[in-house]
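Q: Structure for the following, please:
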Amino acid sequence: MEVILLETIHKLGNRGQAVKVKPGYARNYLFPRNLALPATPANRRVFQENERVLIKKDMLAIDAAKVRAAKFEGIALTMPVQVGEENQLYGSVSALDITRKLQEQGIEVERREIMLADPIRELGEFTVDVKLHREVSVPVKVSVVRE
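A: As a prediction, the model looks like this:
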């Protein structure tokens, strides 16, 4: 089944692109979440008319993300954790912990915006990306230290 993507979807395609997907994926995931439309000539015309509005809306979102990114200037987090023998952490530092620490410093961020593949399970300094928009991300230094 061919669909027109209304949003950029990782590993599938960019907004406005016509891609082939399985009918069940389109019917059960893409269509209910308004991420795609069936690729009919009528829907192609509707999408092209709405594209200008979407581009303007996207530009405003990028500007807002850049304003939020300016708040991250000079931010470095120190995460004190309990450590056992041989510097083995009790637990780990997750995206939720980083989110809470940023909120303590007055920066509003959601947990899903923290790009942390796996929780941090060792002492040291790490650079974690905070993705505020698909085109705007900010590196944040996280130091995991002994409590």
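
Q: give the contact list for residue 102.
A: Neighbour list for residue 102: 75, 77, 108-109, 130, 140 [criterion: CB atoms under 8 Å, 6 or more residues apart in numbering]. To be clear about C-beta, it is placed using only N, CA and C from the backbone, and glycine gets the same treatment.

Q: which one of those sits closest to residue 64?
A: The closest of the contacts of residue 102 to residue 64 turns out to be residue 108 (CB to CB; 12.2 Å).

Q: circling back: taking the contacts of residue 102, tell me the two that lie furthest apart.
A: 77 and 108 (15.0 Å).

Q: on that earlier part again, possible to save the contacts of residue 102 as CSV with distance to residue 56 and pLDDT?
A: Converted to CSV, those look like this (distance: CB to CB, whole Å; pLDDT from 0 to 100):
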residue, distance to residue 56, pLDDT
75, 31, 89
77, 35, 93
108, 25, 91
109, 25, 92
130, 25, 93
140, 30, 94
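
Q: Only the buried members of those: can you turn that into a PyMOL selection?
A: For the buried members of those, the matching PyMOL selection, counting by 16 or more other CB atoms under 10 Å, is:
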select buried, resi 75+77+109+130+140
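
Q: Many thanks, I have nothing further to ask.
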